[in-house]
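Engineer: Sequence and computational prediction follow.
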Amino acid sequence: MTICKGCGAVLQNEYPDQAGYTPRLDAEYCRRCFRLIHYDDLTVSMRTGIDPDMVLNEIAARDALVLWVVDLFDFEAGMIPGLTRKIGDKDIIMVCSKRDILPDTLSHEKIARFVFARLKELGIRIKGLIMTSKDNDGIREVKDAVNMLRNGRDVIVIGRANAGKSTLLNHLAGEEILASSRYPGTTLALNKIEIDGVTYIDTPGIEIENSLLMQVNEADLKTILPFTTIKPQIFQLRGDQSFAVGGLFRLDLRGCDHATCVWYIGSRLNLHRSKASAADDLWEKHYGKLFSPVPVNNAFRTMTIRKDLDKMDVVVDGLGWASISGQVGTITTKAPEHVNVTFRKAML
Ligand SMILES: Nc1nc2c(ncn2[C@@H]2O[C@H](COP(=O)(O)OP(=O)(O)OP(=O)(O)O)[C@@H](O)[C@H]2O)c(=O)[nH]1
Ligand SMILES: [Mg+2]
């Protein structure tokens, strides 16, 4: 039995549309990983990560140091339900990836304060926090922390699909060995890799079924995911206003006075502002045309809350967030069905 070096799937030469397919069984990579690595081309869609309970049980059964990778841009989606109950007694180092996506005007200290406050609220204890970015920042610190806390154990890398686990391991290895891609569900099985004499275990991402990333066509991920530092888009609100992010999300703000709304979303997305009173008609008229991309099943859910914090974020898993300050009466969201929308004290 040979394993694909990129995703951990068992290599097979019988079923081209299934995991691990390669025409030649003596290959190092399955065809999907080979094409992802060399051509950024997805031949087989593997959208669903594995079931959280299964991964967490697998981790709970091993005596390993845990590196928990959380995408800083998609922080709320990175919080794994049941983590404390299942593996709360493990030594966990949290690696906050994609630091480069957040503006650099934002200090490390401020981000760390936000992360520790959220972890306290969620009752999660960690041994250390390290921020990494696509330019290898933080990699030395991860190695040092692993050496300090490992005590001879293996190191298991966990996190939500698309968090950046395989990318982190490639950075630690200093070469592109594992397959990484913007498509959630790249790694398909536990996959061991030796780096500096330490055994690391890459894992498939824990599923993100309530993320927008799972509710759109794979071709639209290019538009939705930010690849470089996000530029906050700032709006002063004069009267009641509505925002449409393509045909993916709508935010209506009513009872506004001296209020500000700042968007933190990928720069390829179209953000349209209008008067709240005109928003329904505009949505009807432009949905799927000017207002695109749209979710695959075209089903939405709306929610209205009163703004009760001084400065609050409306977070949409997989999309980004809007930060609202000043006087606003009510906030109405319209998001694809099953996509998590959360309200939190402002991150920045
Ligand atoms: N800008 C930026 N992009 C990153 C960083 N880390 C990972 N990415 C990108 O995030 C996407 C997902 O990375 P992967 O390493 O495949 O994520 P994963 O956690 O292994 O995903 P699964 O195997 O699907 O669970 C890829 O497009 C990476 O290039 C980072 O620090 N900065
Ligand atoms: Mg992976």
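Structural biologist: Received, thanks. Ligands and ions are numbered 1, 2, ... in the order given.

Engineer: When you work out contacts or count neighbours from here on, use the C-alpha atoms and nothing else.
Structural biologist: Will do.

Engineer: helix or strand right after the strand or helix carrying I305?
Structural biologist: Here I305 sits within strand 300-306, counting by DSSP states H and E. Next along the chain after strand 300-306, taking DSSP H and E as the criterion, comes strand 311-316.

Engineer: Give the pairing partners of that next one; include direction for each.
Structural biologist: When pairing is defined by DSSP bridges, strand 311-316 lines up against strand 320-327 (antiparallel), strand 341-345 (antiparallel).

Engineer: C-terminal to the longest one, what's the next element?
Structural biologist: So that's strand 320-327. Using DSSP H and E, the next helix or strand after strand 320-327 towards the C-terminus is strand 330-336.

Engineer: can you confirm A219 is in a strand?
Structural biologist: No. Going by DSSP: H, G, I helix; E, B strand; the rest coil, the assignment for A219 is helix, not a strand.

Engineer: For it, give its distance to ligand 2.
Structural biologist: Distance, A219 to ligand 2, using Cα to the ion, to the nearest Å: 19 Å.

Engineer: Please give me every residue in contact with that residue.
Structural biologist: Going by Cα atoms under 8 Å, 6 or more residues apart in numbering, A219 touches no other residue.

Engineer: Give me the residues contacting the lengthiest helix in the chain.
Structural biologist: As assigned by DSSP state H, the longest helix anywhere in the chain is helix 108-122. Residues outside helix 108-122 that contact it (Cα under 8 Å, 6+ apart) are 125, 129, 347-348.

Engineer: switch to 6 Å and redo it
Structural biologist: Residues outside helix 108-122 that contact it (Cα atoms under 6 Å, 6 or more residues apart in numbering): none are found.

Engineer: mean confidence for it?
Structural biologist: Averaging pLDDT along helix 108-122 gives 94.

Engineer: Can you pull up the residues of the stretch 101-250 of the chain that come close to ligand 2?
Structural biologist: Counting by Cα under 5 Å from the ion, the stretch 101-250 of the chain comes close to ligand 2 at 166, 187.

Engineer: Kindly recompute the last result at 6 Å.
Structural biologist: Proximity of the stretch 101-250 of the chain to ligand 2, by Cα under 6 Å from the ion, involves residues 165-166, 180, 186-187, 204.

Engineer: Any stretches of the stretch 201-348 of the chain with poor pLDDT?
Structural biologist: Regions of the stretch 201-348 of the chain meeting the criterion pLDDT under 70 are absent.

Engineer: in it, what residue is nearest ligand 1?
Structural biologist: At 3.1 Å from ligand 1, G205 is the closest residue in the stretch 201-348 of the chain, using Cα to the nearest ligand atom.

Engineer: Could you find the closest non-adjacent residue to that residue?
Structural biologist: On the basis of Cα to Cα, 6 or more residues apart in numbering, the spatially nearest residue to G205 that is not a chain neighbour turns out to be A161, at 3.6 Å.

Engineer: if I look at the one you found, how far off is I177?
Structural biologist: Separation of A161 from I177 (Cα to Cα, to the nearest Å): 18 Å.

Engineer: between these two, who's got more neighbours?
Structural biologist: For A161 versus I177, the count of surrounding residues by other Cα atoms under 10 Å is larger for A161: 29 against 18.

Engineer: so that one makes contact with E209?
Structural biologist: No. With contact defined as Cα atoms under 6 Å, A161 does not count as touching E209 (9.7 Å).

Engineer: Next, T199: phi, psi?
Structural biologist: Main-chain dihedrals, T199, degrees, to the nearest 10: phi -90, psi 120.

Engineer: ok, and the closest non-adjacent residue to it?
Structural biologist: Nearest to T199 is D154, by Cα to Cα, 6+ apart, at 5.2 Å.

Engineer: Show me what that neighbour bridges to in the sheet.
Structural biologist: With DSSP bridges as the rule, D154 is bridged to A64.

Engineer: Next one: it, what pLDDT does it get?
Structural biologist: So, for D154, pLDDT stands at 96.

Engineer: neighbours of it, just the number please.
Structural biologist: 19.

Engineer: correct me, but it touches R62?
Structural biologist: No. If you go by Cα under 6 Å, D154 and R62 don't touch, sitting 8.8 Å apart.

Engineer: residue contacts, N162?
Structural biologist: P184.

Engineer: Checking it next. Helix, strand or coil?
Structural biologist: Per three-state DSSP, the local secondary structure of N162 is coil.

Engineer: From ligand 1, how far out is it?
Structural biologist: Noted for N162: a distance of 3 Å to ligand 1, by Cα to the nearest ligand atom, to the nearest Å.
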